[in-house]
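K.L.:
Dropping the sequence and predicted coords here.
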Amino acid sequence: MDGLEARRPAAGSTRRWAARLALMGAAGILLAGCASTVREPEVPAAPPPIPALPPPFAPEELVGRWGYTSYHREEDRARTERAAASQCSKPYVIGRGTAGGIMMHPADQPQQVEMLVKGSPNGKTYIGPAPSPEDMGDREVVSFDGRVLILRWMDPEVQGRYGNSVYVRCGPRAA
């Protein structure tokens, strides 16, 4: 026996070795295929925005001069309405917007911006900058009889600071 024959494997072991390599390659391909079919968990889509409906009153009914104040406790409402009426010497002015809304102040902002008056499927009315109702920048219309307007902020943090806003019309009701 020369040195080459001692290093050469037997014919049967070479075939077994080739078969093992083929089997490992096939297993690797199958495992790679399984890994590529693993899907990430789906993140639920955000709910669609609530459609705005026509409000029960026209925005023009809010345009004018208003006495303004606010309250936190419901038992203070009647007293606060009287106090708001006494503020007509320094009225809060709600003007017309250029796109059919009204001009009011958002929370914590010194400049008025155009707000939309929006109805909603839940039967409530909202005033706010976004087209869909029940946005966190909105105020819910608690009541409006043409002379007294009461609004509640949708954002709980803002509602906690400002309470319910009471506007009492200075002068006759809007036409």
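P.N.:
Yes, it's here.

K.L.:
which residues sit in contact with the residue nearest to the spatial centre of the chain?
P.N.:
Taking C-alpha atoms, centre = their mean as the criterion, D135 is the residue nearest the geometric centre of the chain, at 5.1 Å. Shown here is D135, whose contacts under the criterion C-beta atoms under 8 Å, 6 or more residues apart in numbering are Y126, G128, P129, M154. No exception for glycine: its C-beta is placed from N, CA and C like everyone else's.

K.L.:
Go ahead and confirm M136 touches E157.
P.N.:
No - with contact taken as C-beta atoms under 8 Å, M136 and E157 are classed as non-touching, separated by 9.3 Å.

K.L.:
These two - which one has more neighbours?
P.N.:
Relative neighbour count places M136 above the other of M136 and E157, with 13 against 10, counting by other C-beta atoms under 10 Å.

K.L.:
quick one on the thing from earlier: what helix or strand does the residue nearest to the centre of the chain sit in?
P.N.:
Under the criterion DSSP states H and E, no helix or strand holds D135.

K.L.:
Quick check: which helices or strands does the helix or strand where M103 lies pack against?
P.N.:
In this assignment (DSSP H and E), M103 forms part of strand 102-104. If contacts are counted by 3 or more C-beta pairs under 8 Å, 6 or more residues apart in numbering; DSSP states H and E, strand 102-104 sits against strand 92-96, strand 113-119.
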